[in-house]
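S.K.: predicted structure and sequence below. I'll ask about it afterward.
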Amino acid sequence: MSEVRLIPYQVDEVLERISNIPEGVAMIQAPDIWESSRRGKGNVVAILDTGCQTDHPDLQTTIIDGRNFTTDFNSDETIYEDNNGHGTHVAGTVAAATTDGNGIAGVAPEAQLLVLKVLSGSGSGQYQWIIDAINYAVDWEGPNGEKARVISMSLGGPSSVPELYNAIKRAVDNGVLVVCAAGNEGDDREDTDEFAYPGSYNEVIQVGAVDFNKRIAPFSNTNDEIDLVAPGVRILSTYPENKYAKLSGTSMATPHVSGSLALLINLAEAEFDRTLTEPEIYAQLVKRTVPLGYSKQGEGNGLVALALMDHLENLFKTYTTTYGEVPTRESATYK
């Protein structure tokens, strides 16, 4: 098998300190449903990437477990530190949790992270590492019986590998939602297809990128398997050496959706009072998207808008409220 690599991304800015809710987290309306979704508490998101700075101030309380599948660190499976930067950034978008007033909040700040290092410091990895990590995430069980509900992969390659597809199918069949980046080989045209794998498999949730003006990023792949889009341009998140950085790519859009699912699982399962299946949770996600006017190849179902159902409910209430007796022609006074 050939190698799989990080989907190319751009480092726009590195910052020493920051204190706010990142614009991407706010754009998808995550804070609006934090209370009702318990901020993702109780859900584990497996992040398959370059590892993570495990003692970053905004991440150290969110990591429940991890494993190294690469040859980095002398193949020591217990060391899953990030020697690239990409994985720490992705992790922060999913579940960063500031503890001292400094730092940032991720989409689901009380979710937990299962960090699976499948890419080396150079950003490359073997397909077998990814396959093994997917199967590991499906079978993993935490100290209190926790299970991974979401797998997040901001990586890809040009080839469809049967063993990779089978691992993804197994994950979905076991109720795990698999979220993948669409890729950054886009040519700024919606009518041409660019495919990267595993993102282009129908079974995964494939995420394209938009900027803060809700325009599809020119680098974002377009194809008929795009499910939705999320912020992916100049995204602020955690970075190695206790820093923060703004990065661009569909890699940055993907964890916005992974974190969203951690919130929606709690929200929807509380409403239905039962554990929902993978297709049912996916349906809840799609219900909370807003079309932006692009083709399905470009935006899929549209931009994530987590509070959309609440806004529609309030609008409906406005139109169904009885405001009292409507005056008749005889009783009304006109001026």
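M.R.: That came through fine. Note that the structure is a prediction, hence the values are computed from the model and not measured.
S.K.: alpha carbons only: can I get stretch 264-283 in CSV?
M.R.: Output of stretch 264-283 as CSV, limited to C-alpha atoms (Å, rounded to 0.1, in the frame of the first residue of the first chain):
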residue,chain,number,x,y,z
LEU,A,264,-25.8,16.4,19.2
ILE,A,265,-25.6,12.9,20.6
ASN,A,266,-26.4,14.3,24.1
LEU,A,267,-29.0,16.7,22.8
ALA,A,268,-30.9,14.2,20.6
GLU,A,269,-30.6,11.2,22.9
ALA,A,270,-32.1,13.3,25.8
GLU,A,271,-35.0,14.2,23.5
PHE,A,272,-35.6,10.6,22.4
ASP,A,273,-34.7,9.1,25.7
ARG,A,274,-32.7,6.3,24.1
THR,A,275,-29.4,5.6,22.4
LEU,A,276,-29.6,6.6,18.8
THR,A,277,-28.1,4.7,15.8
GLU,A,278,-25.4,6.1,13.6
PRO,A,279,-27.9,7.0,10.8
GLU,A,280,-30.2,8.7,13.4
ILE,A,281,-27.4,10.9,14.7
TYR,A,282,-26.4,11.7,11.1
ALA,A,283,-30.0,12.8,10.4
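S.K.: what does it rub up against?
M.R.: Applying CB atoms under 8 Å, 6 or more residues apart in numbering, the external contacts of stretch 264-283 come out as 33, 36-38, 40-43, 149, 172, 175-177, 205, 261, 284-285, 288, 306. The way it works is simple: take the backbone N, C-alpha and C, and place the C-beta from them, glycine included.
S.K.: run a quick neighbour tally on residue 275.
M.R.: Residue 275 sits with 11 neighbouring residues when counted by other CB atoms under 10 Å.
S.K.: again with residue 270
M.R.: Taking other CB under 10 Å as the definition, residue 270 ends up with a neighbour count of 12.
S.K.: cool, residue 201 as well?
M.R.: Counted by other CB under 10 Å, the residues lying close to residue 201 total 18.
S.K.: the contacts of stretch 264-283, buried ones only, as a ChimeraX selection?
M.R.: Per 16 or more other CB atoms under 10 Å, the buried members of the contacts of stretch 264-283 correspond to this ChimeraX selection:
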select :33,37,38,40,42,43,149,172,175,176,177,205,261,284,285,288,306
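S.K.: just the ones of the contacts of stretch 264-283 in strands?
M.R.: 149, 177, 205 (DSSP state E).
S.K.: bridging residues for the second one?
M.R.: Translated: residue 177. Beta-bridge partners for residue 177, by DSSP bridges, are residue 150.
S.K.: quick check: buried residues in the lengthiest helix in the chain?
M.R.: Criterion DSSP state H: the longest helix present in the chain is helix 250-272. Across helix 250-272, burial judged by 16+ other CB under 10 Å covers 250-269.
S.K.: repeat for stretch 160-167
M.R.: Within stretch 160-167, the residues scored as buried using 16+ other CB under 10 Å are 161, 164-165, 167.
S.K.: from those, which land in helices?
M.R.: Under the assignment DSSP H, the buried residues of stretch 160-167 contribute 164-165, 167 to helices.
S.K.: many thanks, I have nothing further to ask.
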